[in-house]
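Peer 1: the sequence isn't on hand, but the structure is:
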């Protein structure tokens, strides 16, 4: 069978990806937008700071609890350090030790083409190992979201925010299911006047279950052990709709999923932001560890 130039180019692209141990663990689309290995630094992932004006105390309480993500060797007291999946470091997102506390890390881009994008990562989560017991229900949830806005030439542009979380436990009961959110909290003015607005979209209200979204993830036998989990989410920037969600060996149904939507804001054109977040269900810190992230597009 005669191969076309396009077939040969695709075969060469796949061969190059598979020859690179850092990339062969992913299934990226044609163009890699960013590839973060946290042995090389933070890669642009920083604290999700809320809007404020005149004084940091004008920040909404949800944002005020956030702290900076850090690079971690995943240390533990019984055997030393895990390190990341492919290096000595992973990105660590840690909540405060207060039931219901949250933390988040954000990476900020803009897009140059409204096509399909793919978000892939390897992650794991644990509570802080302060007790000699498993603690499998101590982490309430971990998840991710996109913060997107259409281009400035679009009539009737939108800001669109797909949110997805794995609800691990609630009030001490194991839940283990995937959820999404399409309802938003109200915008509030911060500081004096109404020139700066803010909304805490990670508020606990408004989460809905993905159909068939129950999944039992690997959670090892003692509080210090970890196993890395693969996650892949496809989204179309043209239609602003989700396309596919995969976690390990499961394809999840996103056909009924929608996103938080609002009118476009005056200074966020072509925004392409990515956020990880974690929440604790007990008065101990929840840790979300991210080994690596690959963001790619079909352009």
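Peer 2: Nice, I can see it. All figures in this text were calculated on a predicted structure; none of them were measured in a lab.
Peer 1: can we go C-alpha only for contacts and neighbour counts from here?
Peer 2: OK.
Peer 1: what bits of the stretch 151-299 of the chain have low per-residue confidence?
Peer 2: Counting by pLDDT under 70, the stretch 151-299 of the chain shows low-confidence ranges at 193-195.
Peer 1: show me the contacts for residue 250.
Peer 2: When contacts are counted by Cα atoms under 8 Å, 6 or more residues apart in numbering, residue 250 is found next to no other residue.
Peer 1: report the beta-bridge partner residues of it.
Peer 2: Taking DSSP bridges as the rule, residue 250 bridges to residue 247.
Peer 1: roughly how far apart are it and residue 214?
Peer 2: Between residue 250 and residue 214 the distance is 10 Å, computed by Cα to Cα, to the nearest Å.
Peer 1: in which helix or strand does residue 93 reside?
Peer 2: Of the helices and strands defined by DSSP states H and E, residue 93 is found in strand 90-94.
Peer 1: what mean pLDDT does that strand have?
Peer 2: Here strand 90-94 scores 98 as its mean pLDDT.
Peer 1: which other residues reach that strand?
Peer 2: Counting contacts by Cα under 8 Å, 6+ apart, the residues outside strand 90-94 that touch it are 37-39, 42, 67-74, 83-84, 103-105, 277-278, 285-292.
Peer 1: show me what counts as buried in stretch 245-264.
Peer 2: Of the residues in stretch 245-264, those buried under the neighbour-count criterion (16 or more other Cα atoms under 10 Å) are 245, 246, 247, 252, 254, 257, 258, 259, 260, 261, 264.
Peer 1: dump the residues you listed into TSV; add secondary structure as well.
Peer 2: Below are the buried residues of stretch 245-264 laid out as TSV (DSSP: H, G, I helix; E, B strand; the rest coil):
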residue	secondary structure
245	strand
246	strand
247	strand
252	strand
254	coil
257	coil
258	coil
259	coil
260	strand
261	strand
264	coil
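Peer 1: mind checking the longest helix of this protein?
Peer 2: In terms of residue count, the longest helix belonging to the chain (DSSP state H) is helix 5-19.
Peer 1: report the rounded mean pLDDT for that helix.
Peer 2: Per-residue pLDDT values over helix 5-19 give a mean of 75.
Peer 1: buried set for it?
Peer 2: Across helix 5-19, burial judged by 16+ other Cα under 10 Å covers residue 17.
Peer 1: follow-up on the earlier one: widest-spaced pair of the buried residues of stretch 245-264?
Peer 2: Distances among those were taken as Cα to Cα; the most separated pair is 247 and 264, at 31.2 Å.
Peer 1: ok, which stretches of the protein are helices?
Peer 2: With DSSP H applied, the chain shows helices at 5-19, 61-64, listed in chain order.
Peer 1: redo these as a markdown table? Include distance to residue 221.
Peer 2: Shown next, in a markdown table, are the helices of the chain (distance: least, Cα to Cα, whole Å):
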| stretch | distance to residue 221 |
| --- | --- |
| helix 5-19 | 33 |
| helix 61-64 | 33 |
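Peer 1: next up, the contacts around residue 52.
Peer 2: Shown in contact with residue 52 (Cα under 8 Å, 6+ apart): 58, 59, 190, 191, 196.
Peer 1: pLDDT value on the first one, please?
Peer 2: By that I understand residue 58. According to the predicted model, the pLDDT of residue 58 comes to 88.
Peer 1: so it versus residue 151, what's the distance?
Peer 2: Taken as Cα to Cα, the spacing of residue 58 relative to residue 151 amounts to 30 Å.
Peer 1: who has more neighbours out of the two?
Peer 2: When neighbours are counted by other Cα atoms under 10 Å, residue 151 comes out ahead of the other of residue 58 and residue 151, with 20 against 16.
Peer 1: correct me, but the more buried one touches residue 159?
Peer 2: No. In this structure, residue 151 sits apart from residue 159 without contact. The criterion is Cα atoms under 8 Å, and the distance is 10.0 Å.
Peer 1: quick check: the residue nearest the centre of the chain vs residue 76, distance?
Peer 2: Closest to where the C-alpha atoms of the chain average out (Cα atoms, centre = their mean) is residue 144, at 2.5 Å. Here the criterion is Cα to Cα. By it, residue 144 lies 25 Å from residue 76.
Peer 1: please apply the same query to residue 287.
Peer 2: From residue 287 across to residue 76, the span is 12 Å (Cα to Cα).
Peer 1: ditto for residue 223
Peer 2: Looking at residue 223 against residue 76, where the rule is Cα to Cα, the gap reads 9 Å.
Peer 1: mutual contacts of these two, please.
Peer 2: Any residue near both residue 223 and residue 76 by Cα under 8 Å, 6+ apart counts here, and that gives residue 129.
Peer 1: mind checking which of these two has more residues around it?
Peer 2: For residue 223 versus residue 76, the count of surrounding residues by other Cα under 10 Å is larger for residue 223: 19 against 14.
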